[in-house]
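[1] Quick check, what structure comes out for this input:
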Amino acid sequence: MGRETVLFKTEEKKTAKEISETLRLIADKINAGSMTLSQGADEVTITFPGTMEIQLKVEEEQGKRLKKKFEVELEWIPGAGETEEGSPRIS
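    Model (predicted):
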């Protein structure tokens, strides 16, 4: 396994409506093929390939309070051949 370098990270509380608007914007940028994330002096531009691997993950953690998490992760190897796999069903 290789070394991981975080190029950009942000975390903030938003309303469900604000989150859905952000996800729509991200989806539009993925469809367009690129996206630039910036905050203060930090900036990273992402170029998306035509095919990527998507991982949807739901977790719950019981500590003092029950905490739930929904993660969406996109992964690809720049320049690698594109493959087609089964799609997750979202309903």
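[2] tell me the secondary structure for the most centrally placed residue in the chain?
    The residue lying closest to the centre of the chain (Cα atoms, centre = their mean) is E73, at 4.4 Å. Following DSSP: H, G, I helix; E, B strand; the rest coil, the label given to E73 is strand.
[3] host element of the residue of the chain most remote from its centre?
    Within the chain, the residue lying farthest from the chain centre (Cα atoms, centre = their mean) is K64, at 28.2 Å. Here K64, judged by DSSP states H and E, is contained in no helix and no strand.
[4] and if you look at E18?
    Using DSSP H and E, E18 sits in helix 16-32.
[5] ok, which stretches of the protein are strands?
    Counting by DSSP state E, the chain has strands at residues 34-39, 42-47, 53-62, 66-75.
[6] Output the contacting helices and strands for the third one.
    In terms of contacts (3 or more Cβ pairs under 8 Å, 6 or more residues apart in numbering; DSSP states H and E), strand 53-62 is packed against strand 66-75. To be clear about C-beta, it is placed using only N, CA and C from the backbone, and glycine gets the same treatment.
[7] mean confidence score for stretch 78-91?
    The pLDDT scores in stretch 78-91 average 63.
[8] just stretch 41-49 next, same as before
    94.
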